[in-house]
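Asker: the sequence and its predicted three-dimensional model are supplied below.
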Number of protein chains: 2
Amino acid sequence: MAYRRTDNVEAHLADNRKRILAAARSLVSEGGWPEAQISHVAAVAGVATGTVYRYFPSKAELFVEVLSTVSQREVDVLDVIAGGAESPQQRLHDAVTAFVRRAMRNRRLAYALIAEPCDPEIDQARLRYRHAISEQIVRIVGDGQASGAFRADLDARVVATVIVGGFMEGLIGPLSPLNADFGSPPHHSGAVRTLAEDIADLCCAAVAPRRGKVSLLVPTVATRGRSR
Amino acid sequence: MAYRRTDNVEAHLADNRKRILAAARSLVSEGGWPEAQISHVAAVAGVATGTVYRYFPSKAELFVEVLSTVSQREVDVLDVIAGGAESPQQRLHDAVTAFVRRAMRNRRLAYALIAEPCDPEIDQARLRYRHAISEQIVRIVGDGQASGAFRADLDARVVATVIVGGFMEGLIGPLSPLNADFGSPPHHSGAVRTLAEDIADLCCAAVAPRRGKVSLLVPTVATRGRSR
DNA sequence: GCGCTTTGTGAATCCTAGTTCACTTCTTGG
DNA sequence: CCAAGAAGTGAACTAGGATTCACAAAGCGC
């Protein structure tokens, strides 16, 4: 035996791994998925292409790890909010505004991780986290329904899904690199705040307990369209 | 001169074009984007690969036309509903349920056109139609705000976006080929109806005029998280 | 049937990354 | 300093499809 992997090497290895991940993340957060190429990652990390494969078995796994790290942090934030002592209304409102604001801090990255077209394998991880986010919302909605703070006549999971879809979509326009509005720094923080508040407000309104009458709505002819 | 393009030929050409489009659509609606390959389209349409390029300049343009045709029909349906004489509440409810139900009729196709990862060029067309749909919703929301049927303190475009995102997302789970629930034929139409109604209900609730008090909500510590 | 033009064909080509691997360089223990 | 085992390298290899193109077939008017 003539080799042992010193702490020194161990550290170097760990450092490389970290740099590769950082490079990957940085590329996505600047140029989105089109820039997310192994050769670019290698260049930015200061290693050779082949080296990347000593640390990650495939492009997909590398970027899934990037996505997971970032997304998990968001889930954690929501977890704290969802587990808080505030009223369900307050928690729902906080959760949505927190998510929207945080996403607006790093628009390009958020856009890539939320909406930009990407490899199916990565997209799948994206779905997993979207689901995890939805689960945090379910907790809040469930509490609210139990305490009577929210209407309880709908499945909490459906409600949470719609809410998540609502605030994500409300985010996509402003996030999209195509829309250069929503002033970059110096932060137009007023606009961001308003957007976040408005979206949160809508989400809260959707689950508010219903006033009196059950329904005035009846099916209409238009509702029963032909097939596609 | 020794050639003229008879009606006969003209018809044959038109027929080919139609068959190619039909083949393309059929493939997407069965296998989604992975199946949407030019060679497959050609095979199904009964022509050679090269022939497809006599009718469409590129894969993207072919499929964008497929998507446009299908999506435009949906926009038209919403257009009729939005332009109807019913109350804004009723129209919003009808619009959402109509969309959800129609999508559930051809799940695989709807999934591909709404959510499945696809070529960026196609994805862009998708966005355009999502926007067109949003515009129909804006009409309804705007009317409702003007007539006092809906709360008027928020930008109608933001409201519409959130609503569209909400019902689309509510749809994705049930549409996804991964979720083999939501019984295929014989139609579990009860489940579909409920889903559609529930989602529509939520959307309507979000824009209902607000009861008394303006807001009990105040920013919380959790709302101001660190950067990613 | 005969030139001429448009259409149809599908094998060959091109392209774009992701992935591999034979070889070089570095580290370690002796 | 040496031999052995790891880690690093980047040019070459692949793979999956889109796209092209030289050639064949079909339609047209005479």
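Answerer: Arrived safely. Numbering: from 1, shown residues only, chains lettered A, B, ... in the order given.

Asker: helices or strands up against the helix or strand of chain A with the lowest mean pLDDT?
Answerer: Across the helices and strands of chain A, mean confidence by mean pLDDT, DSSP states H and E is lowest for helix A:189-207: a mean of 90. Contacts defined by 3 or more Cβ pairs under 8 Å, 6 or more residues apart in numbering or on different chains; DSSP states H and E place helix A:189-207 against helix A:88-105, helix A:156-175, helix B:156-175, helix B:189-207. C-beta coordinates here come from the backbone N, C-alpha and C atoms, glycine included.

Asker: model confidence over the first one, on average?
Answerer: Going back to what we said before, that points to helix A:88-105. Per-residue pLDDT over helix A:88-105 has a mean of 97.

Asker: run the contact check for that helix versus chain B.
Answerer: Yes: using Cβ under 8 Å from any Cβ of the partner chain, helix A:88-105 comes into contact with chain B via A:Gln89, A:Gln90, A:His93, A:Asp94, A:Thr97, A:Ala98, A:Arg101, A:Arg102, A:Arg105.

Asker: roughly how far apart are the second one and DNA strand C?
Answerer: According to Cβ to the nearest atom of the strand, to the nearest Å, A:Gln90 stands 43 Å off from DNA strand C.

Asker: could you do the fifth one as well?
Answerer: The gap separating A:Thr97 from DNA strand C is 35 Å, by Cβ to the nearest atom of the strand.

Asker: show me the domain layout of chain A.
Answerer: A:1-56, A:60-209 (automatic domain parsing).

Asker: pLDDT weak spots in chain A?
Answerer: For chain A, residues meeting the criterion pLDDT under 70 lie at A:1-4, A:180-189, A:212-228.

Asker: pick out the residue of it closest to DNA strand D.
Answerer: Across chain A, no residue is closer to DNA strand D than A:Gly50, which sits at 1.6 Å (Cβ to the nearest atom of the strand).

Asker: you'd agree A:Ile140 is up against A:Pro88?
Answerer: Yes: judged on Cβ atoms under 8 Å, A:Ile140 makes contact with A:Pro88 at a distance of 5.5 Å.

Asker: neighbour count for these two, which is higher?
Answerer: Taking other Cβ atoms under 10 Å in any protein chain shown, A:Ile140 and A:Pro88 do not tie; A:Ile140 has more neighbours (32 against 22).

Asker: neighbours around the closest residue to A:Glu35 other than its chain neighbours, how many?
Answerer: In this structure, A:Glu35 finds its nearest non-sequential neighbour in A:Leu27, 4.7 Å apart by Cβ to Cβ, 6 or more residues apart in numbering or on different chains. Residues near A:Leu27, counting by other Cβ under 10 Å, number 23.

Asker: quick one, what contacts the residue of chain A closest to DNA strand D?
Answerer: Residues counted as contacts of A:Gly50 (Cβ atoms under 8 Å, 6 or more residues apart in numbering or on different chains): none.

Asker: that one sits in which helix or strand?
Answerer: Using DSSP states H and E, A:Gly50 sits in helix A:49-55.

Asker: show me what the helix or strand just after that helix is packed up against.
Answerer: Sequence-wise, the next helix or strand downstream of helix A:49-55 (DSSP H and E) is helix A:59-82. Packing partners of helix A:59-82 (3+ Cβ pairs under 8 Å, 6+ apart): helix A:7-31, helix A:38-45, helix A:88-105, helix A:107-114, helix A:120-147.

Asker: which of the residues in helix A:59-82 are buried?
Answerer: A:59-60, A:62-67, A:70-71, A:74-75, A:77-82 (16 or more other Cβ atoms under 10 Å in any protein chain shown).

Asker: go on, stretch A:87-94?
Answerer: Neighbour-count burial for stretch A:87-94 flags A:Ser87, A:Pro88, A:Gln89, A:Gln90, A:Arg91, A:Leu92, A:His93, A:Asp94 (criterion: 16+ other Cβ under 10 Å).
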